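Trainee: dropping the sequence and predicted coords here.
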Amino acid sequence: MLLSVSLYASPLSGSFSAHLVITPACPFTNGRSGLHNSDGFCSALDDTFVMFDTDLVLTLSLSGLDMSSSTVLTFKGVKSQAFTVAGLIGALTFKSTLIFAPSLVEIEYVRSPGSLVIRYCINFSIPGDLTPPFLDCPTPDDLLYSLLEETGLFHPAVAHLLFSSLVDSTGMLDDPLSLRKIITDLGANIAGLTLSVRALLANLGSVSAQDWEAGLILAIEGQTLSGITVRSETWIGARQGLECWSECSPLERHYGGKIVPGFAAQEEKIFIRNLNFAGLTNHFRIEFKFGQNNSVLNGLTYMEWNTRYRFDLLGLMLSNTLRFDGNLDPRFDSLLTTLKYGDMFITAIFYVYPASVPVGAGHWEIQLAEFITMFDPPGAAIITDDLILCIERFFTISCTAGILQHNIIVSSTIGSLTVDLRVILYGLASNFHELWVDTNWKMGFVNLKASLVVGADIVEALAFEIAISF
């Protein structure tokens, strides 16, 4: 449930939310994820698993200084607290956060071997072990990524419940609250350059035997007169990743990097944006790694080149992303094309990649990976048809006639009520998998939300939220 109330005249503001998720205890499998409940047989009256949590966020603003706190409570009591102070001293901005929790999970960003897209892996967890069901680094874990990010594999409420139950089953929530993380950000603008420092401190030990490790992220960014932006990041004792604690709810995550014990140089990143040439807008991302156990993996590891072009006369926009490995060999290319015609938007996504069995050197294949049609007439429902196609490079046996997944999405707003319907099919207008129904009713400062997830055989989940801001 989620509840919100606002007092504009007061320096104190905040929100209170309550969230309830119910799922049956009878056995069912959640689609391609492989996760399933297994406690008896389904019947009209059955046992359930229930997750309940509340979030309280308070912010006090005084003379340019913001002090905030967030508290998460579950059936086990207070499961995490975070306290933040942020402000401005002259040209220096600062923000410092202290996090108290029973557990800590260090998740590293790794790139999948096929397409070089970002995925997650477990680098460290305390006090329990989350591997299995998740995978140790450096193996990319699609399941972990899909539970923490909205990829369409799980309804967000179901993903939260599944991850919370997995964390709880390993004893990660049994320890008392202790100081687990300190995050401090400093920033300043000097002579047209933006300088920033992020300091990370993490307790990788137990409550009784603490083990603090430190990390530092140094960044400098500037812009030329022609609008080209250049940014450099140096990662010391840290790598790209996220840290989460307790149940890893959205309030219990930090995406600004993860700790690597030893406080040695780990990564260097260079970003070049808005480089315009012949009407094309180009963006580059270059990554270097250091301190790897295998020295072959040190040095340049990844480069990304994104090019964008807009045909205003035709209402067509093109965005092409080419990914290179550490040897600067092109490994994967994705082309996104979007056409606007009246109230209709048509998006086609193409994948281009080296052939599995190349006919000759440099032989590549191109396939249509996704086709999205959206109809958005004024004052009416938004209808989206999303076809995800099977492609040879990532072929899966669950494909039906070349269709991996067919999503039909309808969104409508009537006054203060918003209704979103998503039908998930594992074939072209066939092989029904799930129906997601999400409603949101706003009454002043109060939001009421309800969600229903219906599978092919059973009701898989019910979720309710109430929100108040003040």
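Mentor: Here it is on my side, so go on.
Trainee: give me the element the residue nearest to Gly279 when sequence neighbours are not counted is part of.
Mentor: Ranked by Cβ to Cβ, 6 or more residues apart in numbering and with sequence neighbours excluded, the top spatial neighbour of Gly279 is Tyr309, at 6.3 Å. The way it works is simple: take the backbone N, C-alpha and C, and place the C-beta from them, glycine included. Per DSSP states H and E: Tyr309 is located in strand 299-311.
Trainee: average pLDDT across the helix or strand that comes right after that strand?
Mentor: Next along the chain after strand 299-311, taking DSSP H and E as the criterion, comes strand 316-325. Confidence for strand 316-325, expressed as mean pLDDT, is 95.
Trainee: and strand 316-325 with strand 299-311, angle?
Mentor: Here the directions of strand 316-325 and strand 299-311 differ by 170 degrees (axes from the mean of the first three to the mean of the last three Cα atoms, to 10 degrees).
Trainee: for strand 316-325, the distance to its chain's centre please.
Mentor: On the basis of Cα atoms, centre = their mean, to the nearest Å, strand 316-325 sits 21 Å off its chain's mean C-alpha point.
Trainee: list the strands paired with the strand holding Tyr309, with their directions.
Mentor: Neighbouring strands of strand 299-311 in its sheet, by DSSP bridges, are strand 280-289 (antiparallel), strand 316-325 (antiparallel).
Trainee: for the nearest residue to Ala381 once chain neighbours are set aside, give me its contacts.
Mentor: The spatial neighbour of Ala381 that comes closest, neighbours along the chain excluded (Cβ to Cβ, 6+ apart), is Ser412 at 3.9 Å. Under the criterion of Cβ atoms under 8 Å, 6 or more residues apart in numbering, the neighbours of Ser412 are Ala380, Ala381, Ile382, Thr418, Val419.
Trainee: just say helix, strand or coil for the first one.
Mentor: The one in question is Ala380. Following DSSP: H, G, I helix; E, B strand; the rest coil, we place Ala380 in the coil state.
Trainee: next one: the fourth one
Mentor: Using three-state DSSP, the structure places Thr418 in strand.
Trainee: report the separation between it and His155.
Mentor: Thr418 sits 16 Å away from His155, going by Cβ to Cβ, to the nearest Å.
Trainee: what about the stretch 201-350 of the chain, any weak spots by pLDDT?
Mentor: Along the stretch 201-350 of the chain, the model assigns pLDDT under 70 to residues 295-296.
Trainee: ranges for the strands of it?
Mentor: 212-223, 229-236, 238-239, 241-244, 253-254, 258-259, 265-277, 280-289, 299-311, 316-325, 330-341, 344-354 (DSSP state E, counting those that start in this stretch).
Trainee: single out the most deeply packed of these.
Mentor: Scoring those by mean neighbour count under mean count of other Cβ atoms under 10 Å gives strand 258-259 as the most buried, with a mean of 25.
Trainee: packing partners of that one?
Mentor: With contacts defined as 3 or more Cβ pairs under 8 Å, 6 or more residues apart in numbering; DSSP states H and E, strand 258-259 has these neighbours: strand 104-111, strand 193-203, strand 212-223, strand 238-239, strand 241-244.
Trainee: one more time with 7 Å
Mentor: Contact here means 3 or more Cβ pairs under 7 Å, 6 or more residues apart in numbering; DSSP states H and E; on that basis strand 258-259 packs against strand 104-111, strand 238-239, strand 241-244.
Trainee: can you list the strands that it pairs with?
Mentor: Taking DSSP bridges as the criterion, strand 258-259 forms sheet pairs with strand 238-239 (antiparallel).
Trainee: how far does the strand holding Tyr309 sit from the chain's center?
Mentor: Counting by Cα atoms, centre = their mean, strand 299-311 is centred 21 Å from the centre of its parent chain.
Trainee: circling back to that earlier point, distance to Gln223 for the helices and strands packed on strand 258-259 - can I get that in TSV?
Mentor: Converted to TSV, the helices and strands packed on strand 258-259 look like this (distance: least, Cβ to Cβ, whole Å):
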stretch	distance to Gln223
strand 104-111	26
strand 238-239	26
strand 241-244	28
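Trainee: buried ones in the longest helix along the chain?
Mentor: For the chain, the helix that runs over the most residues, judged by DSSP state H, is helix 156-169. For helix 156-169, burial by neighbour count (16 or more other Cβ atoms under 10 Å) applies to Pro156, Ala157, Val158, Ala159, His160, Leu161, Leu162, Phe163, Ser164, Leu166, Val167, Asp168.
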